[in-house]
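Participant: sequence plus the predicted model coming up.
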Amino acid sequence: MRKTTIIVAVVCLVLAPTAAAGKRFGIRPFSQQYGQSSARAGARIDFQERTAGHPARRSQPTAMVAVHVSSGASSRSIGAAMDAPAQFRYPSLPASSPLLKKTQPLGPGSFWYQDGSGHVCQYAPDSVLPCFTITGTGNTAPAVPPLTPATIAEHVADRLTLSPGQVKTSPASAGLTGAPSWFWLDPAPATERLSVSLAGEAVTVTAVPQIAWRFGDGSSVDGGAGVPYQPGPVPSTAITHVYATRCLPGDQGHNPYVLSSCGSGGYQLVATVSWQISYRANGPVAAAGALPTRTTTSSASYPVSEARAFLVGGTAG
């Protein structure tokens with residue numbers, strides 16, 4: 001069973017008591033797992049103020065963080081919903097804070113963004129982080145853009161794995177002229193999805209692979225990831241190619257009949273995966289669109305031999 005660790009950070013505010021009043025502030029964290037892929041975690045925040053000559057006043061706000069992590073390999077999501085008062089949900093941060101000068105405040109993959117109410121927020125993968133109310137003058141805060149689906153999608157797309165797999169061949173060691181060779185990618189590139197929720201906006205980014213094969217002898221084909229060799233009828237999803245000219249290590253420069261594209265280790269096989277990336281948003285703003293295409297490649301050297309026929313002398317029967 002796949003295990004996922006969820007870390008919930010609670011920011012504690014320290015309130016100093018005065019001579020005329022007493023204040024107590026407490027946080028009680030809790031968590032509850034509902035299954036292999038979902039849990040709820042948060043903290044109960046109790047604030048009590050006691051003033052001389054008056055009964056104690058107590059507020060009982062609760063900050064709640066809802067987290068969902070899919071157990072599947074191709075999709076993940078994380079979100080947060082806070083029901084605490086503004087002073088707890090949006091703690092103050094001085095405009096002169098050195099933290100605001102960092103474009104990636106929590107390391108690679110993190111960034112600043114601005115919610116619809118003007119608060120400055122942090123984002124980091126698989127984390128639930130607070131938004132801040134910027135206070136003071138001499139604002140050195142980063143010029144963060146308002147939160148839009150396209151902005152979220154661009155950062156989410158950077159976290160996609162987009163693995164092209166490795167080139168596999170059959171025959172494995174060397175092909176043979178005049179006979180079909182099979183090619184495939186292992187593991188096969190598959191559609192990837194990643195979701196994130198920020199400030200009530202849920203955005204899902206999807207990357208769909210398209211694969212182009214180049215066989216090193218000037219031939220190419222647009223197709224899928226291919227399938228391993230199997231006897232019998234050739235399936236429509238198979239990627240096969242028949243070489244007409246041999247290409248073995250040492251041929252180049254010594255054999256005048258090999259192609260100029262014949263390399264020192266054989267033909268250069270290249271599988272180029274073009275990922276068509278799109279996004280869809282639900283929440284205060286409903287939107288959909290496309291992001292720039294990204295490409296990944298996988299390659300291998302593939303020697304190709306040839307079978308020769310020879311006439312040999314025989315004896316009369």
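Facilitator: Sure, I can see it. Numbering: from 1, shown residues only.
Participant: give me the below-cutoff pLDDT ranges for the stretch 51-200 of the chain.
Facilitator: 51-89, 115-117, 126-128, 137-147, 199 (pLDDT under 70).
Participant: what ranges do the helices span in it?
Facilitator: With DSSP state H, counting those that start in this stretch, the ranges of helices along the stretch 51-200 of the chain come out as 86-89, 149-157.
Participant: any idea how this structure splits into domains?
Facilitator: 1-84, 90-146, 166-305 (automatic domain parsing).
Participant: in terms of pLDDT, where does residue 286 sit?
Facilitator: We note a pLDDT of 85 for residue 286 in this prediction.
Participant: relative to residue 149, how far out is it?
Facilitator: Applying CB to CB, to the nearest Å, the value for residue 286 to residue 149 is 8 Å. C-beta: built from backbone N, CA, C; applies to glycine.
Participant: tell me which of the two has more neighbours.
Facilitator: Ranked by neighbour count (other CB atoms under 10 Å), residue 286 and residue 149 place residue 149 first, with 23 against 10.
Participant: quick one: residues contacting that one.
Facilitator: 201, 203, 279, 281, 285, 287, 289 (CB atoms under 8 Å, 6 or more residues apart in numbering).
Participant: repeat that for residue 169.
Facilitator: Counting by CB under 8 Å, 6+ apart, residue 169 has contacts 175, 181, 182, 183, 269, 300, 302.
Participant: ok, 7 Å please
Facilitator: Applying CB atoms under 7 Å, 6 or more residues apart in numbering to residue 169 gives the contacts 181, 182, 183, 302.
Participant: in contact with the first one: list those residues for me.
Facilitator: When contacts are counted by CB under 7 Å, 6+ apart, residue 181 is found next to 169, 170, 171, 175, 240, 241, 243.
Participant: the last one is in contact with residue 305, isn't it?
Facilitator: Looking back up the chat, that one is residue 243. No: Residue 243 is beyond contact range of residue 305, at 9.5 Å (criterion: CB atoms under 7 Å).
Participant: neighbour count winner among those two?
Facilitator: More crowded of residue 243 and residue 305, by other CB under 10 Å: residue 243, with 23 against 16.
Participant: give me the distance between that one and residue 165.
Facilitator: Distance, residue 243 to residue 165, by CB to CB: 22 Å.
Participant: helices of the stretch 201-317 of the chain, start to end?
Facilitator: Under DSSP H, counting those that start in this stretch, the stretch 201-317 of the chain gives no helices.
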